[in-house]
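> No sequence on hand, only this structure:
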């Protein structure tokens, strides 16, 4: 599949990408190459091929739940611009 300049302009518009006239031919060529590769991969018969890995078949390696740092909350709150009852006060950003 070969893309034309008009195809790339339409794709860029839909994707909200700014592609100038100088880049259009290069982008069209790159996208055409990618689509040709996808076409080649679609031709390959994959019936009976078992996937190599699946995230649901794997188990997570867990680390031990141990405290690794000391509590420095009071130290950090002394240098904070504003605190109240152990909480950091920040300016309201959403009305």
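Cool, the structure landed. Only a predicted model underlies this, so the values are computations on that prediction, with no experimental measurement involved.
> hang on, residue 93 in a strand?
No: going by DSSP: H, G, I helix; E, B strand; the rest coil, the assignment for residue 93 is coil, not a strand.
> Got phi/psi on it?
The phi/psi pair for residue 93 (degrees, to the nearest 10) reads phi -110, psi -10.
> just residue 89 next, same as before
phi -100, psi 130.
> Tell me where the model's unsure across this structure.
Regions of the chain meeting the criterion pLDDT under 70 are absent.
> Can you tell me how far the most centrally placed residue in it is from residue 86?
Centroid-nearest residue in the chain: residue 15, 15.7 Å away (criterion: Cα atoms, centre = their mean). Separation of residue 15 from residue 86 (Cβ to Cβ, to the nearest Å): 47 Å. The C-beta positions use only the backbone N, C-alpha and C, and glycine is treated the same way.
> Residue 4 now?
Distance from residue 4 to residue 86, by Cβ to Cβ: 63 Å.
> A strand includes residue 22, no?
No: using three-state DSSP, the assignment for residue 22 is helix, not a strand.
> check contacts around it.
By Cβ atoms under 8 Å, 6 or more residues apart in numbering, the contact set of residue 22 is empty.
> Next one: it from residue 5, what distance?
12 Å.
> what do you get for residue 52?
Distance from residue 52 to residue 5, by Cβ to Cβ: 39 Å.
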